[in-house]
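1. make a model of this:
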Amino acid sequence: RILLFIAFGYLLIPNLLFISGWLRLPIAILGCIVIVGSSFLVLNKWRRSTDSAFQLISINWITICAALFMIVLWVLFSGAGHFSFQVGDYKKHNLILSQLVNQDWPVIQKITQKSAYILVYYIGYYLPAALVGKITNIYIANIFQYFYTLLGVAISLFFVWLTTNGKGIIRSVLIFMVFGGMDVLGWLILHGHLPQLGEYIYPWSQTLSYQSNTEILFFVPQNALPAWIVVSMILWFNNLGVEKAYILFIWPFTFIWSPWIFLGLIPIIIAFIFNDFGQLKKLITWLSVIPGILCNIVIAAFYLINNSSIRNNGWIWEKIDHWIITYLVFVIVEFLLLSILEHFLIKKQHLRFILLSSVFSLLVIPLFHGGVFNDFGMRVSIPSLAVLCFFAIMITSKAQSIRKSESNKWLYIILIGVLVVGSIY
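-> So this is what the prediction gives:
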């Protein structure tokens with residue numbers, strides 16, 4: 001229960017900071033009161049309705065500490081906090097954070113008396129650290145950013161670990177860290193040879209690209225963290241049998257973190273609440289959706305200030321020659337083979353439906369190219385890829401029972417082989 005409150009606060013705080021810094025003071029105060037008040041009511045209702053839903057899990061503190069140490073090192077090498085080498089995207093991350101620390105909110109850089117630049121970006125990830133930096137300095141802000149990133153990764157992994165009933169936390173962390181598509185196999189098929197050792201092969205399929213968890217964290221933590229947290233919460237809610245309306249309250253607060261993730265979560269949430277469509281009136285109440293809608297209207301207006309941020313859009317057949325072959329190889333090696341194996345190894349029908357919605361998304365997303373570097377494809381896919389990753393973790397936690405069936409045993413062995421190949425490059 002405490003973990004849920006921490007996770008919700010983690011997603012909510014950037015929304016409150018945005019409203020406080022980008023709206024006029026009376027409107028900002030009113031907006032924060034409405035969001036905090038509704039959050040308190042929803043969480044209090046959730047607490048009362050789930051008193052009997054929890055189960056006890058035995059904890060081995062040695063393995064917990066070992067898993068935490070692995071996560072600490074992983075995030076340390078991601079570049080967050082300036083503790084290690086930073087990839088090219090950190091030029092943007094560092095610039096945004098420094099502007100938020102050193103400039104008044106909203107960030108407006110005057111050029112002349114009649115012209116100015118305004119910072120328009122999905123800034124949720126940066127706002128808590130920027131606030132710390134305003135109180136202290138940019139160096140403390142960077143250190144805080146590291147621990148804030150670490151907390152987000154730990155929250156999502158802990159939720160997934162709970163869905164496995166507390167089994168194999170080291171294995172869960174390892175799979176999560178190395179999870180990715182079989183890019184090396186795709187390269188071999190399309191290029192006719194294996195890549196050189198250490199060669200950077202992205203994007204191996206021209207403009208099509210689904211990134212591994214490590215690459216997502218190292219390049220775009222602002223997209224990774226909200227996707228991983230919300231997807232892990234959905235699976236945890238499903239495991240507990242919690243009333244599904246609560247996810248409709250949490251989901252809108254990802255919009256300031258990343259509109260791509262907000263969009264990518266839609267099919268997963270539809271699949272999650274599908275069995276309760278008959279109780280839609282109960283699911284959609286003013287308390288569960290109105291605060292998020294009001295908040296997102298303001299955020300959408302902010303995003304629309306920059307209406308030229310998405311350029312070089314088009315369909316796959318306009319961007320790639322012989323696109324059908326490239327598309328088929330891409331979807332098979334990136335996720336389709338793994339998802340077929342997971343479909344047969346997952347026995348619960350409602351989980352299969354979430355899996356199928358994710359596969360449908362991953363099949364459709366590559367057909368459209370959005371942005372100079374196809375940010376649409378690489379970012380909107382993150383929630384659905386997280387579903388595949390977390391299902392792989394859940395399946396491996398039940399390896400002993402799965403191997404009792406001869407057919408499932410071979411499916412499980414092939415699944416492990418797919419995960420191993422996916423961990424390369």
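2. for the helix or strand that contains G186, packing partners?
-> Per DSSP states H and E: G186 is located in helix 183-191. Where contact means 3 or more C-beta pairs under 8 Å, 6 or more residues apart in numbering; DSSP states H and E, helix 183-191 is packed against helix 323-331, helix 406-422. (Each C-beta comes from the backbone N, C-alpha and C, glycine too.)
3. in PDB, list the C-alpha atoms belonging to the last one.
-> Think helix 406-422. C-alpha atoms of helix 406-422 as PDB (Å, rounded to 0.1, in the frame of the first residue of the first chain):
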ATOM      1  CA  GLU A 406       6.500 -31.600 -22.000                       C
ATOM      2  CA  SER A 407       5.100 -29.200 -24.600                       C
ATOM      3  CA  ASN A 408       5.400 -26.200 -22.300                       C
ATOM      4  CA  LYS A 409       8.900 -27.300 -21.300                       C
ATOM      5  CA  TRP A 410      10.100 -26.800 -24.900                       C
ATOM      6  CA  LEU A 411       8.200 -23.600 -25.300                       C
ATOM      7  CA  TYR A 412       9.900 -22.400 -22.200                       C
ATOM      8  CA  ILE A 413      13.300 -23.400 -23.500                       C
ATOM      9  CA  ILE A 414      12.700 -21.500 -26.700                       C
ATOM     10  CA  LEU A 415      11.500 -18.500 -24.800                       C
ATOM     11  CA  ILE A 416      14.800 -18.400 -22.800                       C
ATOM     12  CA  GLY A 417      16.700 -18.700 -26.000                       C
ATOM     13  CA  VAL A 418      14.800 -15.700 -27.400                       C
ATOM     14  CA  LEU A 419      15.500 -13.700 -24.300                       C
ATOM     15  CA  VAL A 420      19.200 -14.600 -24.500                       C
ATOM     16  CA  VAL A 421      19.500 -13.600 -28.200                       C
ATOM     17  CA  GLY A 422      17.600 -10.400 -27.400                       C
END
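4. quick one: it to chain centroid distance?
-> Mean-position distance between helix 406-422 and its chain equals 25 Å (C-alpha atoms, centre = their mean, to the nearest Å).
5. how about it: buried residues?
-> Buried positions in helix 406-422, judged by neighbour count with 16 or more other C-beta atoms under 10 Å: 408, 411-412, 415-416, 418-419, 421-422.
6. try the first one
-> Under the neighbour-count criterion of 16+ other C-beta under 10 Å, helix 323-331 has 323, 326-327, 329-331 buried.
7. make JSON lines out of the helices and strands packed on helix 183-191 and add distance to M378 and mean pLDDT.
-> Below are the helices and strands packed on helix 183-191 laid out as JSON lines (distance: least, C-beta to C-beta, whole Å; pLDDT from 0 to 100):
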{"stretch": "helix 323-331", "distance to M378": "13", "mean pLDDT": "90"}
{"stretch": "helix 406-422", "distance to M378": "17", "mean pLDDT": "87"}
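8. show me where pLDDT drops low in this structure?
-> Counting by pLDDT under 70, the chain has low-confidence residues at 1, 47-58, 198-199, 203, 241-245, 275-288, 307-310, 403, 406.
9. and stretch 251-261, end to end?
-> 10 Å (C-alpha to C-alpha, to the nearest Å).
10. mind checking how far that stretch is from the chain centre?
-> With C-alpha atoms, centre = their mean, you get 10 Å for stretch 251-261.
11. could you do stretch 104-113 as well?
-> With C-alpha atoms, centre = their mean as the basis, stretch 104-113 stands 32 Å off its chain's centre.
12. what sits up against that stretch?
-> 21-22, 99-100, 103, 116-119 (C-beta atoms under 8 Å, 6 or more residues apart in numbering).
13. for stretch 190-198, same thing?
-> Identification of contacts with stretch 190-198 by C-beta under 8 Å, 6+ apart yields 184, 187-188, 201, 204-205, 326, 329, 425.
14. out of the residues you listed, which is most surrounded?
-> Ranked by neighbour count (other C-beta atoms under 10 Å), the contacts of stretch 190-198 have S205 at the top, with 26 neighbours.
15. look up how far V132 lies from it.
-> 40 Å (C-beta to C-beta, to the nearest Å).
16. swap in V153?
-> Taking C-beta to C-beta, one finds V153 at 19 Å from V132.
17. these two: which has the busier surroundings?
-> Shown here are V153 and V132; by other C-beta under 10 Å, V153 has more neighbours (25 against 19).
18. ok, that one - contacts?
-> 71, 74-75, 217, 225, 228.
19. now do the one helix or strand it maps to: distance to the chain's middle.
-> Secondary structure assigned from DSSP H and E places V153 in helix 138-163. Offset of helix 138-163 from its chain centre (C-alpha atoms, centre = their mean): 13 Å.
20. with stretch 381-392 instead?
-> Here the centre of stretch 381-392 is set off from its chain's centre by 9 Å, with C-alpha atoms, centre = their mean.
21. which parts of the stretch 1-150 of the chain are helices?
-> Assigned by DSSP state H, counting those that start in this stretch, the helices in the stretch 1-150 of the chain fall at 2-22, 25-49, 61-76, 90-102, 127-135, 138-163.
22. and the spatially closest residue to C295 that is not a sequence neighbour, how many residues sit next to it?
-> Spatial nearest neighbour of C295, excluding adjacent residues (C-beta to C-beta, 6 or more residues apart in numbering): N15 at 5.6 Å. When neighbours are defined as other C-beta under 10 Å, N15 has 27 of them.
23. what residue in the protein is the furthest from its centre?
-> Note on the chain: the largest C-alpha distance from the chain mean falls to Q113, namely 40.9 Å (C-alpha atoms, centre = their mean).
24. phi, psi of K348?
-> Dihedral pair for K348: phi -80, psi 130, per degrees, to the nearest 10.
25. just the buried residues of the contacts of stretch 104-113.
-> Using 16+ other C-beta under 10 Å as the burial test, the contacts of stretch 104-113 include 21-22, 99-100, 119 as buried.
26. could I get the residues you listed as JSON lines with distance to P195?
-> Output for the buried ones among the contacts of stretch 104-113, formatted as JSON lines (distance: C-beta to C-beta, whole Å):
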{"residue": "G21", "distance to P195": "46"}
{"residue": "W22", "distance to P195": "45"}
{"residue": "Q99", "distance to P195": "38"}
{"residue": "L100", "distance to P195": "39"}
{"residue": "L119", "distance to P195": "38"}
